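>>> Model the following, please.
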Amino acid sequence: MDPSTEQVPRTRVTAGLRALRFDAGSLALNLIASLGRRGSTPIERLGTLDRLREWCDGVGLRLHDEAVTEELRTELRTLREAAYDVVAAVVHDRTPAAASIALLNDRARPAPPQPLLRATGTGVEVDGADRPLTGRELQSIVVRDLIAVLGDPERRGALRACDSSLCTMIYLDPTPGRRRRWCSMRLCGNSAKAAKHRQRQASAAPGGS
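Presented below is the predicted three-dimensional model:
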């Protein structure tokens, strides 16, 4: 067979691979992780409006019902790619695209809701803390989180990309010495260990190289 026409095997997409990730270490990084396996065949985890609602629930943000639209889902995916370009540039020591910076700055401008204190007959309560968000307010909160990560030298220095060439998810490494290699030991770490074990078995087998 001509190598140029040989098809690359597609990744088997399991429910586990489609599951939303909330373990990247920040709100913005969790959004970036909603596209999985960037290093191979990407897996869209934000593929429906129900998944958008699930993602918002998972990060503790509540949208107006009328804000949950295909337009917002498209905007979030555009924001996600600009955010990935910027954090990947930090991790890999390169310059991000000017368009990514411009888009993120534009989406950060709408002011997110500001809860206020209100006196009551029996004391003080917080007013507006549970107000549902508009789509642009949601995006502003995400971008401001990203700016907070990049503006904090400690957190910026903790950005890492998963060592799995299939995954490459970017996360914050909170471990001493920043020695964590995988986005998740349970997922990519165990897969890498299993692959090395299979390689050792193959090498040890008769006829193995």
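>>> CA atoms for contacts and neighbours, from now on please.
OK.
>>> List the buried residues in stretch 37-57.
37, 41, 43, 44, 45, 46, 47, 51, 52, 53, 55 (16 or more other Cα atoms under 10 Å).
>>> My guess is the third one contacts residue 18. True?
Yes: contact status for residue 43 versus residue 18: in contact at 6.8 Å, counting by Cα atoms under 8 Å.
>>> Name the residues contacting each of these two.
Common contacts of residue 43 and residue 18 (Cα atoms under 8 Å, 6 or more residues apart in numbering): residue 36.
>>> wait, is residue 125 part of a strand?
Yes: according to DSSP: H, G, I helix; E, B strand; the rest coil, residue 125 belongs to a strand.
>>> where's residue 23 relative to residue 57, distance?
Separation of residue 23 from residue 57 (Cα to Cα, to the nearest Å): 14 Å.
>>> Repeat that for residue 176.
31 Å.
>>> what does residue 76 give?
In terms of Cα to Cα, residue 76 sits 15 Å off from residue 57.
>>> quick one, what contacts the residue nearest to residue 34 when sequence neighbours are not counted?
Leaving aside its chain neighbours, residue 34 sits nearest to residue 45 (5.0 Å; criterion: Cα to Cα, 6 or more residues apart in numbering). For residue 45, the contacting residues are 18, 19, 20, 34, 35, 36, 51, by Cα under 8 Å, 6+ apart.
>>> cool, residue 128 as well?
113, 114, 115, 116.
>>> a markdown table for these, including distance to residue 152 and neighbour count?
Supplementary listing: the contacts of residue 128 in a markdown table, determined by distance: Cα to Cα, whole Å; neighbours: other Cα atoms under 10 Å:
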| residue | distance to residue 152 | neighbour count |
| --- | --- | --- |
| 113 | 23 | 17 |
| 114 | 22 | 9 |
| 115 | 24 | 12 |
| 116 | 26 | 10 |
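>>> what's the closest of the residues you listed to residue 102?
Proximity of these to residue 102 (Cα to Cα) peaks at residue 113, which lies at 22.5 Å.
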